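Participant: can you look at this prediction? I've put the sequence above it.
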Amino acid sequence: MRKFNFCAGPAALPEPVLLQAQQELLDWGGRGCSVMEVSHRSPEFMAVAERAEQDLRDLLSIPDNYKVLFLQGGATAQFSAVPWNLFGAAGSRESWVADYIHTGQWAEKAIKEARRYGRVNIVASSEDRNFTYAPGPDSWQQSENAAYFHYTTNETIGGVEFDYVPEVSCPLVADMSSNILSQPIPVEKFGMIYAGAQKNIGPSGIAVGIVRDDLLERALPDIPRSLSWKIAADAGSMDNTPPTFAWYLSGLVFQWLKAQGGVEAMAASAAQKSALLYEFIDASDFFSCPVEKSSRSRMNVPFVLADERLDKDFLRQAEEVGLLNLKGHRSVGGMRASLYNAVPLEAVEALVAFMADFEKRRG
C-alpha cells in the first residue's frame, strides 16, 4: 500500500504515471526492450521528446518565439548558466550587473553563483524578517543597466511564494523549480524560465528551460558548451546523451496533467489543499506557520510545534500512520509539508486529521 509522501524533492509522482512506467519497463511500446535501452536519436525516442515538448507548450501556452529545453544539472546548473548566457550583451566586464531579489536559500545560491561572473545588485531582500515574506515592488532598488532581473518564484525551504510577476525593462529570469505547472503563467513576460524536474515535472536528473529566442545570442564567447542555451536549442537538447528515462517520465507527467484538466485544474487543487492545511494551523494553539499570510506558498507549507521537544515524536507517529517526509529542511528545522501536483487532497486531509489528533493527545 502506497503511503502519502510530502517530500520536498525528489517528490511524489502521479501513481498512474508510475504504474505505466512499471508496465512498460521491460517492454516499451512492444519493442521488447526498455525505453532506457534505446538510442536517444532513434525515431521512437525522438517521438517521445517531441510529444513531451508539445505537451509542455500546450500546458503553459508557450509562445512560438520561445525554445523549450530539456537540460542536465538541475536548477543549480542554471545558477551558472544564467549569467554565462546573458552577460555577453552587457558591454565590458566592468559594466556587468544583474538584479536579484533575495528571498531565501535558493535565491542566495543563485546570487552567490552570479557574483562569480559580475556584479549583483540586490533589488530587495526579506532577510530583515528571516525570509518570511516576498518583497513588494515598492521596496525595489533596481539598476539602470541590468543585463537581467532574477527571482525565485517559490522558496521551497522557507515556504514563501510570489503572488505577482515583476514588471521590469530587462529580461526577466525566474527559477520556478517548486511551483511550475501549478498554475497558469504569462510566459511572454519572461525572458527565461527554468525549473528542476523533481518537484512538479518528473524525477530528478533533468531540468526544463524556456528561453525567448532573442536571448540565445547574448552568451559570453567562452561559455562552457554544456551551459549554452543556444547549443542546446540548436541540438534539440541532444548535444550529448540526455537523461532519457527522466525525459520519458516527465512526458508521462505532462500527459497526466493534461488529462486532469491542465494547470487551471492544478491551481484549483493547490488552492484547496493549501487552504485546508493553513486554516487548520491558524486555528491551532499548538501548531504555527512562520510565513506571512500574503506570501504563503501553495506548494511548501512549513510549520512548527509549540514544543520542539515533541518534533521527533510527531515525525515518528506520522510515519507510523503513513505520512512520510514531513521533517523540515535541516537549516530551519520544524516541519514542512510539500503539496505538489501529485499529492492528492486525501493526503492533506489525512495530515490534518493526524495533526488534530496529535494536538489533542500531546497539546
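Facilitator: Happy to help now that I have it.

Participant: identify the residues contacting residue 140.
Facilitator: Residues in contact with residue 140, defined by C-beta atoms under 8 Å, 6 or more residues apart in numbering, are 123, 124. Any C-beta I mention is one placed from the backbone N, CA and C, and that applies to glycine too.

Participant: would you mind measuring from it to residue 122?
Facilitator: As judged by C-beta to C-beta, to the nearest Å, residue 140 and residue 122 stand 10 Å apart.

Participant: what's near enough to touch the closest residue to residue 322 other than its chain neighbours?
Facilitator: Spatial nearest neighbour of residue 322, chain neighbours left out: residue 3 (3.8 Å); criterion: C-beta to C-beta, 6 or more residues apart in numbering. By C-beta under 8 Å, 6+ apart, the contact set of residue 3 is 322, 323, 324.

Participant: of the residues you listed, closest to residue 193?
Facilitator: Of all the contacts of residue 3, residue 324 has the smallest distance to residue 193: 29.8 Å, by C-beta to C-beta.

Participant: test my guess that that closest one contacts residue 6.
Facilitator: Yes. In this structure, residue 324 is within contact of residue 6 by C-beta atoms under 8 Å, at 6.5 Å.

Participant: between the two, who's got more neighbours?
Facilitator: Set residue 324 next to residue 6 and count neighbours by other C-beta atoms under 10 Å: residue 6 wins out with 25 against 16.

Participant: which residues does the nearest residue to that one once chain neighbours are set aside form beta bridges with?
Facilitator: In this structure, residue 6 finds its nearest non-sequential neighbour in residue 337, 4.5 Å apart by C-beta to C-beta, 6+ apart. Counting by DSSP bridges, residue 337 is bridged to residue 301.

Participant: tally of neighbours for residue 337?
Facilitator: Number of residues near residue 337 (other C-beta under 10 Å) recorded here: 29.

Participant: and it, how far is that from residue 348?
Facilitator: 8 Å.

Participant: what sits in contact with each of those two?
Facilitator: residue 277.

Participant: before we move on, what's the pLDDT of residue 326?
Facilitator: We have a pLDDT of 98 for residue 326.

Participant: go on, residue 363?
Facilitator: So, for residue 363, pLDDT stands at 68.

Participant: quick one: the helices in the stretch 251-363 of the chain, in order.
Facilitator: Applying DSSP state H, counting those that start in this stretch to the stretch 251-363 of the chain gives helices spanning 262-283, 311-320, 345-362.

Participant: mean confidence for the shortest one?
Facilitator: Going back to what we said before, that points to helix 311-320. 98.

Participant: which SSE is the nearest residue to residue 90 once chain neighbours are set aside in?
Facilitator: Nearest residue to residue 90, sequence neighbours excluded (C-beta to C-beta, 6+ apart): residue 147, at 4.0 Å. Using DSSP states H and E, residue 147 falls within no helix or strand.

Participant: kindly report the same for residue 50.
Facilitator: Short version, using DSSP H and E: residue 50 is in helix 43-60.

Participant: ok, and what's touching that helix?
Facilitator: Helix 43-60 is contacted from outside by 29, 31, 35, 38-40, 62, 68, 70, 181, 184-185, 187, 208, 210, 236-238, 244, 247-248, 250-251, 254-255, 257-258, 262-263, using C-beta under 8 Å, 6+ apart.
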